[in-house]
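1. Okay, here's the prediction I keep looking at, along with the sequence it came from:
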Amino acid sequence: MLTNFTQKVTLVTISFVCATVSLVAQNLIRPYTLIYSENLKGGCAMFGNTSMHIIDNNQVNLVKMNETSNASNGVGGLGFTQYGNDNQNMQFIRIDNTTPGIFNASSADLVLPAGTNTIKYARLYWGGRILNSAITSVSDTLRRVKIRKGNSGNYFNVIAPANNVDIFNVSTTERIYQSYVDVTNFINSNGAGTYTIANIPATAGSVSGGGRYAGWCLVVAYENLALNYNSVRIYDGYSQILTTGSGPVAQTETLTGLNVPNNPLLADEAVLQTMAWEGDGNLGASASNPAGDFLRVNNVTVSNASNPATNFWNGSITKNGAFVTTKNPSYSNQMGIDIDEVNVGTGFGILPNATSVQVQFGTEADQYFPSVFAFTIRMKEPLMSLDKSVTDANGNGFAEPNEELTYTLSGSNPGPGAAYNTVIVDSLPLNTTYVAGSLEIV
């Protein structure tokens with residue numbers, strides 16, 4: 001008999017995706033939830049820029065915007081600064097000073113791997129501090145910005161849905177906010193390269209109690225068939241982390257829906273990318289506030305060369321401890337936005353087969369607003385091995401007319417990753433006819 005079969009093994013796993021919250025002395029404005037989940041050959045990119053800088057004596061104060069290694073508080077060093085945006089003359093950045101109607105603009109580069117990249121998901125975030133009077137004058141003020149590919153050409157208007165605006169009343173006259181909108185089609189049409197974001201709603205000038213700021217961030221999930229399989233999970237929310245002056249405060253989020261393989265990870269096989277608003281490099285640890293501000297993954301403190309353990313949220317844009325410079329302007333001190341990428345594959349308790357991870361953010365001296373957390377975790381790929389043999393009824397090794405041939409297929413998966421939804425197809429050789437009912441699975 002001749003066997004020709006398709007065997008399907010399907011496993012259906014139903015999981016509930018959520019984020020559980022532990023709150024201590026801060027304000028949860030919008031709960032953190034999973035907004036994108038896919039296993040794909042590809043990864044995640046997060047990039048952006050500040051939209052304000054310090055102006056002193058009618059020019060940008062480059063010392064304040066770039067000092068990142070200050071030890072004057074007795075604790076600091078690289079990743080600390082003596083300058084923040086509190087009580088500073090914060091004015092709009094305008095790299096485009098020729099297009100009418102543009103009152104602020106900055107750019108940054110989307111860097112993607114070589115080869116063909118398909119954008120599977122892209123969300124644009126923007127935020128800042130703004131006077132209430134500037135909001136009430138136009139009902140949808142906080143929902144509108146402009147985007148363009150490159151450093152010249154036409155802008156496209158971006159309008160966030162009415163429900164995609166998170167607002168916190170920082171005083172009786174001012175608000176802090178973030179808005180967000182899906183821009184997948186726009187990014188997929190334009191690909192890698194420079195993006196300029198303009199006209200972010202905010203109020204310029206000087207103020208105490210946090211200072212003025214504005215900025216933007218793009219989160220992009222992409223597919224590239226030349227890459228390894230990864231699980232990409234993106235979460236977002238909005239909360240205020242604010243010291244009370246009586247010791248550290250912290251918020252813990254349990255993010256579920258991860259897809260960790262059944263083998264231990266290497267350091268760079270789990271990558272965390274995160275974005276937060278209003279972190280200050282000058283408000284980390286000090287002799288009187290030794291805890292500073294921090295990020296912990298599964299209760300392990302995250303740090304690197306540019307993001308110290310006691311000043312992680314220091315107004316920087318970094319990748320594994322190196323400052324990102326593919327942006328315009330390229331300041332080291334962002335004065336109001338953090339975008340950081342760190343490896344968390346080893347030493348952070350992300351164990352084989354884990355489906356959740358805890359992230360904790362806290363402070364003893366600062367105020368900031370965590371927004372986005374993205375995990376890209378390497379999936380261990382299966383390695384299918386198939387063997388096929390045939391025997392003839394007469395046993396002489398020759399296929400003769402009207403003789404039954406028995407085909408046997410066997411397979412195994414010696415690879416490190418499990419194989420799900422596997423389909424094996426073997427086509428009938430020419431001049432043979434399948435014997436009905438002869439298929440046997442053993």
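-> Nice, I can see it. Residues are numbered from 1 along each chain as shown.
2. hey, let's count contacts and neighbours off CA atoms from now on
-> Fine.
3. buried stuff in the helix or strand harbouring Pro31?
-> For Pro31, the element it lies in under DSSP states H and E is strand 26-50. By neighbour count on 16 or more other Cα atoms under 10 Å, the buried set for strand 26-50 is 26, 28, 31-34, 37-50.
4. buried sites along the next helix or strand after that strand?
-> Per DSSP H and E, the first helix or strand lying C-terminal to strand 26-50 is strand 52-56. For strand 52-56, burial by neighbour count (16+ other Cα under 10 Å) applies to Met52, His53, Ile54, Ile55.
5. which among those gets closest to Trp277?
-> Distance to Trp277 across these (Cα to Cα) is lowest for Met52, with 12.9 Å.
6. And for the nearest residue to that closest one once chain neighbours are set aside, the neighbour number?
-> Of all residues not flanking Met52 in the chain, Phe92 sits nearest, at 4.5 Å (Cα to Cα, 6 or more residues apart in numbering). Number of residues near Phe92 (other Cα atoms under 10 Å) recorded here: 23.
7. from what I can see Phe92 touches Asn104, true?
-> Yes. Between Phe92 and Asn104 a contact is recorded at 5.4 Å, counting by Cα atoms under 8 Å.
8. Now the common contact residues for these two.
-> Residues touching both Phe92 and Asn104 by Cα atoms under 8 Å, 6 or more residues apart in numbering: Ser51.
9. Alpha carbons of the longest helix anywhere in the chain, as CSV, please.
-> Looking across the chain with DSSP state H, the single longest helix is helix 184-190. Provided in CSV are the C-alpha atoms of helix 184-190 (Å, rounded to 0.1, in the frame of the first residue of the first chain):
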residue,chain,number,x,y,z
THR,A,184,1.2,51.6,11.2
ASN,A,185,0.3,52.3,7.6
PHE,A,186,2.3,55.5,7.4
ILE,A,187,5.5,53.9,8.8
ASN,A,188,5.1,50.8,6.7
SER,A,189,4.8,53.0,3.6
ASN,A,190,7.9,55.0,4.4
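10. Please state the offset of that helix from the chain centre?
-> 17 Å (Cα atoms, centre = their mean, to the nearest Å).
11. And for stretch 415-435?
-> Offset of stretch 415-435 from its chain centre (Cα atoms, centre = their mean): 39 Å.
12. quick one: low-confidence parts of the chain?
-> By pLDDT under 70, the low-scoring segments of the chain are 1-26, 71-78, 287-288, 416-421.
13. mind listing what the residue nearest the centre of it touches?
-> What sits nearest the mean C-alpha location of the chain, by Cα atoms, centre = their mean, is Ala374, with 3.4 Å. By Cα under 8 Å, 6+ apart, the contact list for Ala374 reads Cys44, Val232, Arg233, Ile234, Tyr235, Val271, Leu272, Gln273, Thr274.
14. what about the helices in the stretch 301-442 of the chain?
-> In the stretch 301-442 of the chain, no helices are found when defined by DSSP state H, counting those that start in this stretch.
15. rewinding a little: what strands flank the strand holding Pro31, and is each parallel or antiparallel?
-> strand 214-223 (antiparallel), strand 229-242 (antiparallel) (DSSP bridges).
16. among these, which is nearest Asn263?
-> Of the strands paired with strand 26-50, nearest to Asn263 by Cα to Cα is strand 229-242, at 13.9 Å.
17. which two in the buried residues of strand 52-56 are spaced the farthest apart?
-> Checking the buried residues of strand 52-56 with Cα to Cα, the most distant pair is Met52 and Ile55, at 9.3 Å.
18. Val219 - how many residues pack around it?
-> Val219 has 25 neighbouring residues, counting by other Cα under 10 Å.
19. Run through the bridge partners of it.
-> Here Val219, judged by DSSP bridges, has bridge partners Met46, Arg123.
20. Same check on Ser231?
-> Counting by DSSP bridges, Ser231 is bridged to Asn39, Ile377.
21. count of neighbours near Glu223?
-> Using other Cα under 10 Å, Glu223 is surrounded by 23 other residues.
22. if we can go back for a sec, for the longest helix of the chain, packing partners?
-> Packing partners of helix 184-190 (3 or more Cα pairs under 8 Å, 6 or more residues apart in numbering; DSSP states H and E): strand 118-131.
23. hang on, the earlier thing: tell me, what's touching Met52 and Ile55 both at once?
-> Residues touching both Met52 and Ile55 by Cα under 8 Å, 6+ apart: Met90, Gln91.
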